[in-house]
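Asks: show me how the following folds:
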Amino acid sequence: MRFTFVWLVVTLTDWTAAEGIVAGLLGLPAMLFSAAAGAWSDRVDRKRLFTTWTTITVVLLAAFTVVIAFGQATPLITGIAAVLVGTAVMVNPPNVNAMVPLLVAPGRLVNAIALQNGAMNAANFVAVIFAGVAIEFFGDAGGFALLTVLASLSIVFMRPIVVPASEVSAPAESFVRSLRTGLRYTWSTEPVRTMVLLSLVLGSSFSVMQINMPRVVESEFGREAASAGAVMGAFGVGMMLSSLYVANRPVSRHGLNVAVFIGVGLGGGQFALSLAPSWRAALIVMLLWGINAGLAMASHRTILQKATAPEMMGRVMGLMMTGFMGGLPIGAAASSVLSVSFGPAETMTVVGLCTVAISGALSWRPSIVGLN
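Replies: Here you go, the predicted model:
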């Protein structure tokens, strides 16, 4: 979704800051409301919540596809569409993440997290390959038509899932008080607090790559949407490979994994990507970076879900997604500011190094490294 919105803006205007602005608008609802969505998930039927908001997403995407197909899309209309679609989409991630511990035996949690997290994130990037091809053959409307189909399929796939009814009950306290309780719990509980802070750092940093890489592929490598999609999709392929590896093996030393693969690997991957001399080199870097990310996120999610009380799961997952998805406006703002002085590749260089410094300071601590 980020790729299709950013690529559409690239084709609509030569103003480089526009990509960051529209990407920021897409992620702004998640930054503002993911925590509330997580609290909502703790109070209602999770499956019904998913189905309702995914249906709204399908309607919005289909309507915007028609707007693009008739040549009526402008940067302003695209920004409005980004806010509306971003609002509908942000309800689901904390809700889906909170379902996993309810459906899986505790002894298989890490394997389930690896599969679910790897599949979700890998699909996001592998879909970029198909989006790039759809855009190349059918124009910008083709990318959004593909998103509409994928969102519709997710409703079909959710139909056979049965979430235990006894696990979904509204807390006695009010919604606002419930949200405040979740915020206090997260801030006062380690390692929950550090994992959520890492989510914010990584969401912000990764957004810079997603915003700038399409422009790099187009302007510096001289390639079109299909090539940009292949580069972005290589990350998903790598992530799926490492997630499948973790899903079939017992894993320990999650804290050390977080320190190595997040504290060094994720920021270091963006730095290496910024130095790639060609789109083929970028493809290889993205594949290796994706392998690193699959290992990183499996351990990150395992630590977070093991350390979170069951009754707080939706709220903590909402705050985690506030970081991962809500970091987009922060990354977009940083990208827009840095683009004034740097090119897109140099912007990723700066942000990659800053990410290593910040995430390393958070993760390379005895209280984190020693976690199993």
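
Asks: rest of the way, CA atoms for contacts and neighbours
Replies: Fine.

Asks: can you pull the contacts of V100?
Replies: Counting by CA atoms under 8 Å, 6 or more residues apart in numbering, V100 touches 109, 112-113.

Asks: out of the residues you listed, who's nearest S219?
Replies: I113 (37.8 Å; CA to CA).

Asks: ok, now which ones touch T87?
Replies: 26, 29-30.

Asks: keep only those of the residues you listed that are in helices.
Replies: 26, 29-30 (DSSP state H).

Asks: in the stretch 1-150 of the chain, where is pLDDT below threshold?
Replies: 16, 118, 121-122, 124-125 (pLDDT under 70).

Asks: let's have the ones in helices among the contacts of T87 in CSV, adding distance to L319 and neighbour count.
Replies: Formatted as CSV, the ones in helices among the contacts of T87 follow (distance: CA to CA, whole Å; neighbours: other CA atoms under 10 Å):
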residue, distance to L319, neighbour count
L26, 17, 32
P29, 13, 25
A30, 10, 31
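
Asks: closest to F138 out of those?
Replies: Nearest to F138 among the ones in helices among the contacts of T87: L26, at 23.2 Å, using CA to CA.

Asks: distance of the residue lying closest to A361 once chain neighbours are set aside relative to F3?
Replies: Excluding its sequence neighbours, the residue lying closest to A361 (CA to CA, 6 or more residues apart in numbering) is G263, at 7.6 Å. In this view, G263 and F3 are 26 Å apart by CA to CA, to the nearest Å.

Asks: show me the contacts for R46.
Replies: Neighbouring residues of R46 by CA under 8 Å, 6+ apart: 95-96, 99, 163, 168.

Asks: farthest-separated two in these?
Replies: V96 and V168 (13.1 Å).

Asks: neighbours of R159, how many?
Replies: Using other CA atoms under 10 Å, R159 has 11 neighbouring residues.

Asks: count of neighbours near S205?
Replies: 28.

Asks: which stretch of helix or strand covers it?
Replies: Element membership of S205 [criterion: DSSP states H and E] is helix 192-215.

Asks: after that helix comes which helix or strand?
Replies: That would be, after helix 192-215 and using DSSP H and E, helix 225-247.

Asks: average pLDDT for that following helix, rounded please.
Replies: Per-region confidence: helix 225-247 scores 80 on mean pLDDT.

Asks: same question, stretch 335-348
Replies: Mean predicted confidence for stretch 335-348 is 84.

Asks: ok, stretch 277-290 next?
Replies: 91.

Asks: list the buried ones in it?
Replies: For stretch 277-290, a neighbour-count test (16 or more other CA atoms under 10 Å) marks 279, 282-290 as buried.

Asks: before we move on, what about stretch 311-329?
Replies: 312-329.

Asks: quick revisit: cross the contacts of R46 against helices and list the overlap.
Replies: With helices taken from DSSP H, the overlap with those comprises 95-96, 99.

Asks: now rank those residues by neighbours and give me the top one.
Replies: Result: N95 is most packed of the ones in helices among the contacts of R46 (other CA under 10 Å), 28 neighbours.

Asks: contact partners for that one?
Replies: N95 neighbours (CA under 8 Å, 6+ apart): 37-38, 41, 46, 50, 314, 317-318.

Asks: if we can go back for a sec, now, which of the contacts of T87 sits nearest L275?
Replies: L26 (27.7 Å).

Asks: isn't the closest one right next to T78, touching?
Replies: No: L26 is beyond contact range of T78, at 9.7 Å (criterion: CA atoms under 8 Å).

Asks: okay, the contacts of V100 in TSV with distance to G268 and secondary structure next?
Replies: Listed next are those as TSV, based on distance: CA to CA, whole Å; DSSP: H, G, I helix; E, B strand; the rest coil:
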residue	distance to G268	secondary structure
L109	29	helix
A112	27	helix
I113	24	helix
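
Asks: make TSV from those and add distance to A82 and neighbour count to it.
Replies: Below are those laid out as TSV (distance: CA to CA, whole Å; neighbours: other CA under 10 Å):
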residue	distance to A82	neighbour count
L109	34	20
A112	31	23
I113	29	25
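
Asks: verify the stated contact: T308 with V316.
Replies: Yes: T308 lies in contact with V316 (CA under 8 Å); the separation is 7.4 Å.

Asks: would you list the phi and psi of T13?
Replies: The phi/psi pair for T13 (degrees, to the nearest 10) reads phi -150, psi 150.

Asks: what is the burial count for V201?
Replies: Residues near V201, counting by other CA under 10 Å: 23.

Asks: ok, it - contacts?
Replies: Applying CA under 8 Å, 6+ apart, we find V201 in contact with 323, 327, 355, 358-359.

Asks: just the ones of those residues in helices?
Replies: 323, 327, 355, 358-359.

Asks: which residues of the stretch 1-150 of the chain fall in helices?
Replies: Along the stretch 1-150 of the chain, the segments classed as helices by DSSP state H, counting those that start in this stretch run 2-12, 17-41, 46-69, 75-89, 92-103, 109-138, 140-158.

Asks: helix 46-69 and the fourth one, what's the angle between them?
Replies: It refers to helix 75-89. 170 degrees (axes from the mean of the first three to the mean of the last three CA atoms, to 10 degrees).
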